[in-house]
Structures are given as C-alpha cells and as structure tokens.
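**Student:** Take a look and give me a structure for this.
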Amino acid sequence: KTMVMRPAASAPPPFTSAGPTRSGHAPIVAGAASGSASIKVLNGAAPYDKELWSLVASLGWLGAATPEADGGLVSQHAIFGGTEVLTARFTGEGPGIFVIRAKSFPAEPSGGAGWVIAGMDVDAGHLIVPAMTGVVFDKTHPGVNAYLEYPNTWHAQMIVYEAAAGSALLYSTDAQLYSKSLRISTRGRSTIDVGIHTQAVAPWPSSTSVPTIEWRLKAYSGTWRVAAQTYKDWLLANRPPVSNANHPWVSSIRNVVGVTTTDTSQLTSLAAQLAPSQTLLYLIDWRSVPYDYNYPDYTPKAGIAAFITAAHTLGFKVMLHTDYVGVSPGNPDYASMQPYQVRTTDGSQLMGWRWDWPVSEPTRFAFINPAASAYRSLWIARVTAAVNALSPDALHLDISAPTYNDGNGVIEGRTYAQGSVQFHQDIIS
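**Tutor:** Okay, here's the model as predicted:
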C-alpha cells in the first residue's frame, strides 16, 4: 500500500512554504519535491523506508547529505546569505520510523528555524491537526495561510495525514515544551505544504541557537486513530495525567454553573433543577473587590463563607475563580513582581490583560512569568489563606492555558512553559 504525496511541478524555492526568509524558516523537505512521490506503508521488515530515504538525500538545494556510520544522513544548509547554518540529521530508528533532527547555529540573532513537508495531496486525503478543538485540512478547506502555535492554538505536537490506503503520523518527542508553529501554504490547489518551525528561546535579539527538536514520521495501514495512538502512548509515558483518585467526585460532575451572588435562597431553587452531587458551582465574583480588580488580593467578601457552607450542605461542589498570572499595577505586590512581568519576544514591551488600556483602568493587570519562584510563592500564600477560610472543592486558574516565549528569557533555569508545569505541581502539592 502507498499513501500518495503528489509530486510538485518543481521543487519549491527556499522559504516559500514557511514564511518570510528573515523569520528563520529553512527549507528541509520530507515529501514529494523530487524523485519518488510516495511514502510506503511500512510493515516493520526494514528499519526505515528506502524510497523516502533516497528522496531526502536527493534534495540538492538542501546541501550535500553526508552518510554516517549508523546509516544516518547529515545535511547542512546555509541560510541568510551564509550567516546561519541549519543542520539536519535523518535516521531510521525502529520498525518503520523515520527521524528528523534539526538545529540552527546562527552567527547572528535569529527567531528560529524550520522545515517543510511539501506536496501533501488534499485530493487523495486530508490533514488532521489537534488545534482549536480539532481541525481538518482538505480539498474544500485547504487552510492556506493558517498559522498555529504550540502549545497555545496547536495543542499537541503532532499531525496526521489520512488517505484511503492508510495514515502517516508526524510527531515531536520534545518534552521541554519549546515553542513551535505550524503554517499551511500551497503551490497549487491540489496540494498543501506544511511548515514546521521551532522558535529560539527569547529574547530573540540575543538568541544564539535554536533548540534541537526531534520529529518522527511513520506510516500506518489504519485510520488516523491508529496513527495518533503512537503519540498518545508517548504522551502517556512522558507526561502522565494527574490522578483524580483523591477527588473521585470530579468524575461525577455533569454541570458547571457560574455564580455571582451570595443569596443562599437561590441554591434551593437550583437544587430542584440540577442534581447537586453532579453540579459544580463556579464562584466568579467571590472576592472583597470586584471581578478582575487588585490581583493577587484574594480576601473573601462578606457572606461568601456562609454561601459555600449552604452549598455544601445541599451537596454541591464549589470552585473559586483565581487568576493564574495576574498582578494589578496598583497592588502593593506589583513592585516586587514587575521584574518578572512577561515581555514580547524581543523584550521591548511588557504584556498583560488590557495592558494597552489607560493606566486608570482597574481591570488592567500584568502577566507574571510563573517560572519565577517568588511569584509562585506569593500566589500560593494568598490563595491558601482563602482556601483555608472557605474550604472550596476546586480552583479555576484563569489564563493558565496560554504560554509565552517570554522576552525576559529563561528565569531560574525555566522557560515560561516549564515554569507553568512547576507552578501546577506546586499548587497540587
């Protein structure tokens, strides 16, 4: 069986599929740019697909591919007029697994480096991307110019191409949560090119290299679900989910109700409409100050403790709203936290919620990088006091989903994403 990667009329010029040349994208193609145009469905008899292997080795504008003792190939490609070199290593590892490792060594500052799968046939199949709750790119919706960022809008570092003959999985084994992006372009309506880009760790004006990221490509005779299982297995082994064994009630929740009142009489009415044991009350405006004011002040408002007690008596579970990274500039804690306020990737501008609004706006607050242990300790101290006073069942961590390639650079040995992982662990413990 074969899964067709339709041949392009000619090899794509450098950078066409992956954005402007100065953005740091470099042309590595594992696909039908020249020579053979198929990825064979592998049966495990060989460590890698010879046809695909020879295809990659034949891409002349990548630079010469140098064989290595283990059978791997190394290609170096000068970009930006020779001021930066992208080194790519291609190997076959395990039954039917094709591995690409790329790293950029710039002689001048760079925002990142990337490579492209070119000529993906959307007449014969479609591309499935775990982004924005799930996206399918096909002939009707080719997604040209779509741009997705991992881990914000591109939620899992994998994609699957599915056709009648089978599926092909591309996934990364990066466990460090480095920032990546995916861009869709085309040189014809019947094919799309998928650009994979790895960002340098900010701040970009002083970045000197791009992290080495491993990507694995493997073909399957089954559907996209069969292909995706390989990544799911890797994810389970490398980032196991947190157990709910200590909180079995979580599995019973079927309703989440936003609450902005302390009127306990409304709880009786709600209990008549919804099963309390299956309902989580999300207390949005429970603090002594209005919603989104004066973070990280988590002092409870009058009457909220009695409301929570009444809710628990009826069998409801209760969740308090918190802001995961918010510190208001008018709060006394801002002065000590301001050095850790998130910046744009070039380090030039501070970031926050409504940060470009007038300074008099009370709901305007800074985003603080959770890699800073001082911030994590501050947040936990403030919220713990409220938890001890109110005994809620859960916390809502607002703005905990996005991550940023913070222009402050690495803080205490961690990027923003790595700091966020540590913050979650700190909260749980």
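**Student:** Quick check: chain neighbours aside, which residue is closest to the spatially most central residue of the chain?
**Tutor:** With distances taken as CA atoms, centre = their mean, the residue of the chain nearest its centroid is residue 151 (0.7 Å). Once flanking residues are discounted, residue 151 sits nearest to residue 403: 5.9 Å by CB to CB, 6 or more residues apart in numbering. From N, CA and C alone the C-beta is placed, and that goes for glycine too.
**Student:** Do I have it right that that neighbour meets residue 414?
**Tutor:** No. Look at residue 403 against residue 414 with CB atoms under 8 Å: they stay out of range, at 11.6 Å.
**Student:** pLDDT averaged over the longest helix belonging to the chain - what is it?
**Tutor:** Longest helix of the chain, by residue count under DSSP state H: helix 373-390. Taken as a whole, helix 373-390 has a mean pLDDT of 98.
**Student:** Buried residues in that helix, which are they?
**Tutor:** 373, 375, 376, 378, 379, 380, 382, 383, 386, 390 (16 or more other CB atoms under 10 Å).
**Student:** Over to stretch 403-422?
**Tutor:** Quick answer for stretch 403-422 (16+ other CB under 10 Å): 403-409, 411, 414-421.
**Student:** neighbours of residue 132, just the number please.
**Tutor:** 12 (other CB atoms under 10 Å).
**Student:** how about it, phi and psi?
**Tutor:** phi 50, psi 50 (degrees, to the nearest 10).
**Student:** Counting neighbours, what do you get for the residue nearest to it when sequence neighbours are not counted?
**Tutor:** Closest residue to residue 132 apart from its sequence neighbours, by CB to CB, 6+ apart: residue 153 at 5.7 Å. The tally of other residues near residue 153 (other CB under 10 Å) stands at 16.
**Student:** was I right about residue 153 contacting residue 133?
**Tutor:** No. In this structure, residue 153 is not within contact of residue 133 by CB under 8 Å, at 10.3 Å.
**Student:** where's the closest residue to residue 204 other than its chain neighbours relative to residue 179, distance?
**Tutor:** With sequence-adjacent residues excluded and distances taken as CB to CB, 6+ apart, residue 204 is closest to residue 111, at 4.8 Å. Using CB to CB, to the nearest Å, one obtains 10 Å as the distance from residue 111 to residue 179.
**Student:** Need the overlap of contacts for the two.
**Tutor:** residue 199 (CB atoms under 8 Å, 6 or more residues apart in numbering).
**Student:** Phi and psi next, for the most far-flung residue of the chain relative to its centre.
**Tutor:** Using CA atoms, centre = their mean, the residue of the chain lying farthest from its centre is residue 265. It sits 42.9 Å away. Note on residue 265: its backbone torsions stand at phi -70, psi -30 [degrees, to the nearest 10].
**Student:** Same check on residue 141?
**Tutor:** According to degrees, to the nearest 10, residue 141 has phi -130, psi 80.
**Student:** Look at it and report its pLDDT.
**Tutor:** 91.
**Student:** And for residue 338?
**Tutor:** Residue 338 is given a pLDDT of 98.
**Student:** What separation do you get for it and residue 375?
**Tutor:** In terms of CB to CB, residue 338 sits 11 Å off from residue 375.
**Student:** Over to residue 147?
**Tutor:** 30 Å.
**Student:** got it, and residue 193?
**Tutor:** Following CB to CB, the distance that separates residue 193 from residue 375 is 41 Å.
**Student:** which strands and helices sit next to the helix or strand where residue 308 lies?
**Tutor:** Element membership for residue 308, per DSSP states H and E: helix 304-314. If contacts are counted by 3 or more CB pairs under 8 Å, 6 or more residues apart in numbering; DSSP states H and E, helix 304-314 sits against helix 265-273, strand 279-283, strand 317-323, helix 373-390.
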